[in-house]
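1. Generate a structure from the sequence data that follows.
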Amino acid sequence: MELMLQIAVLPVADVDRAKAFYEAIGFRLDADFTSPAGLRVVQVTPPGSAASVIFGEKVTNAVPGSAEGLHLITPDIEGAVAELRERGAEVSDLWHDADGIFHWAGEANRVAGPHPDTDSYGTYASFADPDGNQWTIQQVVTKFPGR
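-> So this is what the prediction gives:
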(Lines give C-alpha, C1' and ligand atoms only; values in the text may rest on other atoms or scores of the structure.)
Protein backbone atom coordinates (compact mmCIF):
# COMPACT_ATOMS: atom_id res chain seq x y z
CA MET A 1 0.00 0.00 0.00
CA GLU A 2 1.13 3.54 -0.70
CA LEU A 3 -0.38 6.49 1.15
CA MET A 4 1.01 9.99 0.91
CA LEU A 5 -0.05 12.90 3.07
CA GLN A 6 -1.28 15.56 0.66
CA ILE A 7 -3.26 18.14 2.62
CA ALA A 8 -3.83 19.35 6.16
CA VAL A 9 -6.86 21.57 6.77
CA LEU A 10 -6.38 24.66 8.93
CA PRO A 11 -9.29 26.31 10.72
CA VAL A 12 -9.12 30.09 10.26
CA ALA A 13 -11.46 32.97 11.08
CA ASP A 14 -10.37 35.35 8.32
CA VAL A 15 -9.42 33.66 5.05
CA ASP A 16 -7.85 36.71 3.43
CA ARG A 17 -5.74 37.44 6.53
CA ALA A 18 -4.53 33.82 6.60
CA LYS A 19 -3.79 33.89 2.87
CA ALA A 20 -1.75 37.08 3.24
CA PHE A 21 0.18 35.64 6.20
CA TYR A 22 1.11 32.37 4.50
CA GLU A 23 2.10 34.09 1.26
CA ALA A 24 4.18 36.61 3.22
CA ILE A 25 6.14 33.85 4.98
CA GLY A 26 6.95 32.18 1.66
CA PHE A 27 4.27 29.54 1.16
CA ARG A 28 3.33 29.12 -2.51
CA LEU A 29 -0.28 29.96 -3.40
CA ASP A 30 -1.62 26.96 -5.34
CA ALA A 31 -5.34 27.72 -5.45
CA ASP A 32 -7.96 30.20 -4.36
CA PHE A 33 -11.42 29.49 -5.65
CA THR A 34 -15.01 29.90 -4.54
CA SER A 35 -17.90 27.73 -5.65
CA PRO A 36 -21.29 29.21 -6.52
CA ALA A 37 -22.57 27.79 -3.20
CA GLY A 38 -19.93 29.73 -1.19
CA LEU A 39 -17.28 27.06 -0.58
CA ARG A 40 -13.94 28.86 -0.67
CA VAL A 41 -10.74 26.86 -0.81
CA VAL A 42 -7.27 28.38 -0.50
CA GLN A 43 -4.35 25.99 -0.87
CA VAL A 44 -0.78 26.96 0.03
CA THR A 45 2.39 24.87 0.09
CA PRO A 46 5.46 25.40 2.28
CA PRO A 47 8.73 25.86 0.33
CA GLY A 48 10.11 22.45 -0.67
CA SER A 49 7.11 20.50 0.64
CA ALA A 50 5.12 17.82 -1.17
CA ALA A 51 2.16 18.39 1.17
CA SER A 52 -0.02 21.49 1.33
CA VAL A 53 -2.43 23.17 3.70
CA ILE A 54 -5.94 24.26 2.88
CA PHE A 55 -8.14 26.80 4.61
CA GLY A 56 -11.18 28.71 3.55
CA GLU A 57 -14.92 29.04 4.00
CA LYS A 58 -16.94 25.91 4.78
CA VAL A 59 -13.92 23.55 4.63
CA THR A 60 -13.87 22.63 8.34
CA ASN A 61 -16.03 22.90 11.43
CA ALA A 62 -12.98 23.08 13.71
CA VAL A 63 -12.52 26.15 15.89
CA PRO A 64 -10.23 28.74 14.23
CA GLY A 65 -6.73 28.49 15.67
CA SER A 66 -7.18 24.99 17.09
CA ALA A 67 -4.64 23.19 14.88
CA GLU A 68 -1.57 21.94 16.76
CA GLY A 69 1.29 19.63 15.93
CA LEU A 70 1.96 20.85 12.41
CA HIS A 71 5.66 20.27 11.72
CA LEU A 72 7.89 21.86 9.13
CA ILE A 73 11.22 20.10 8.64
CA THR A 74 14.41 21.89 7.62
CA PRO A 75 18.12 21.05 7.43
CA ASP A 76 18.94 24.65 8.49
CA ILE A 77 16.75 25.75 11.38
CA GLU A 78 18.71 28.93 12.09
CA GLY A 79 18.36 30.02 8.47
CA ALA A 80 14.66 29.12 8.37
CA VAL A 81 13.96 31.01 11.61
CA ALA A 82 15.83 34.07 10.33
CA GLU A 83 13.95 34.08 7.03
CA LEU A 84 10.56 33.57 8.66
CA ARG A 85 11.28 36.48 11.01
CA GLU A 86 12.37 38.65 8.07
CA ARG A 87 9.05 37.82 6.44
CA GLY A 88 7.08 38.89 9.51
CA ALA A 89 6.46 35.69 11.48
CA GLU A 90 6.94 35.80 15.25
CA VAL A 91 9.14 32.73 15.67
CA SER A 92 10.42 31.48 19.01
CA ASP A 93 14.08 31.11 19.79
CA LEU A 94 15.54 27.63 19.30
CA TRP A 95 14.64 25.04 21.93
CA HIS A 96 14.87 21.33 22.62
CA ASP A 97 13.01 18.92 24.86
CA ALA A 98 14.55 18.09 28.24
CA ASP A 99 13.95 14.37 27.64
CA GLY A 100 15.54 14.53 24.19
CA ILE A 101 13.03 12.21 22.55
CA PHE A 102 10.34 14.37 20.96
CA HIS A 103 8.61 17.33 22.50
CA TRP A 104 5.71 17.68 24.87
CA ALA A 105 2.52 19.55 23.99
CA GLY A 106 2.56 23.29 24.47
CA GLU A 107 5.70 24.65 26.09
CA ALA A 108 6.12 21.95 28.74
CA ASN A 109 9.59 20.43 29.17
CA ARG A 110 11.31 22.94 26.87
CA VAL A 111 14.96 23.87 27.31
CA ALA A 112 16.35 26.98 25.62
CA GLY A 113 18.83 26.47 22.80
CA PRO A 114 19.59 23.76 20.27
CA HIS A 115 19.90 20.14 21.31
CA PRO A 116 23.48 19.74 22.62
CA ASP A 117 24.08 16.22 21.26
CA THR A 118 22.51 16.09 17.80
CA ASP A 119 21.78 18.25 14.78
CA SER A 120 18.86 16.05 13.67
CA TYR A 121 15.44 15.56 15.24
CA GLY A 122 16.21 17.38 18.49
CA THR A 123 16.13 21.13 17.83
CA TYR A 124 12.93 23.09 17.37
CA ALA A 125 11.44 26.54 16.97
CA SER A 126 7.78 27.42 16.84
CA PHE A 127 5.30 30.02 15.63
CA ALA A 128 1.59 30.56 15.20
CA ASP A 129 -0.45 31.97 12.36
CA PRO A 130 -2.75 34.97 12.99
CA ASP A 131 -5.52 32.65 14.24
CA GLY A 132 -3.22 30.77 16.62
CA ASN A 133 -2.70 27.56 14.63
CA GLN A 134 0.55 26.16 16.02
CA TRP A 135 3.53 25.25 13.84
CA THR A 136 6.74 23.57 14.97
CA ILE A 137 9.94 23.75 12.95
CA GLN A 138 12.22 20.75 13.44
CA GLN A 139 15.78 20.49 12.22
CA VAL A 140 16.67 17.27 10.40
CA VAL A 141 20.13 17.28 8.80
CA THR A 142 20.54 13.52 8.52
CA LYS A 143 17.48 11.28 8.40
CA PHE A 144 17.37 8.01 10.28
CA PRO A 145 17.94 5.00 7.97
CA GLY A 146 14.86 4.02 5.99
CA ARG A 147 13.17 7.41 6.26
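2. so what's the residue of the chain most remote from its centre up against?
-> Residue farthest from the centre of the chain, counting by C-alpha atoms, centre = their mean, is residue 36 at 30.5 Å. For residue 36, the contact set (C-beta atoms under 8 Å, 6 or more residues apart in numbering) is empty. Backbone N, C-alpha and C define where each C-beta goes, glycine included.
3. Which pLDDT value goes with the residue lying closest to residue 26 once chain neighbours are set aside?
-> Nearest residue to residue 26, sequence neighbours excluded (C-beta to C-beta, 6 or more residues apart in numbering): residue 47, at 5.3 Å. Here, the pLDDT recorded for residue 47 equals 96.
4. Is it correct that residue 31 is in contact with residue 42?
-> Yes: contact criterion C-beta atoms under 8 Å: residue 31 and residue 42 qualify, at 6.8 Å.
5. Between the two, which is the more surrounded one?
-> A count of neighbours by other C-beta atoms under 10 Å puts residue 42 above the other of residue 31 and residue 42, at 24 against 12.
6. Name the helix or strand for that one, please.
-> strand 40-45 (DSSP states H and E).
7. what helices or strands is that strand leaning on?
-> Counting contacts by 3 or more C-beta pairs under 8 Å, 6 or more residues apart in numbering; DSSP states H and E, strand 40-45 packs against helix 15-24, strand 28-34, strand 52-57.
8. angle of the last one against strand 40-45?
-> Between the direction of strand 52-57 and that of strand 40-45, the angle (axes from the mean of the first three to the mean of the last three C-alpha atoms, to 10 degrees) works out to 160 degrees.
9. The helix or strand that comes right after strand 52-57 pairs with which strands, and in what direction?
-> Counting by DSSP H and E, the element after strand 52-57 in chain order, helix or strand, is strand 70-74. Sheet pairing of strand 70-74 (DSSP bridges) gives strand 134-139 (parallel).
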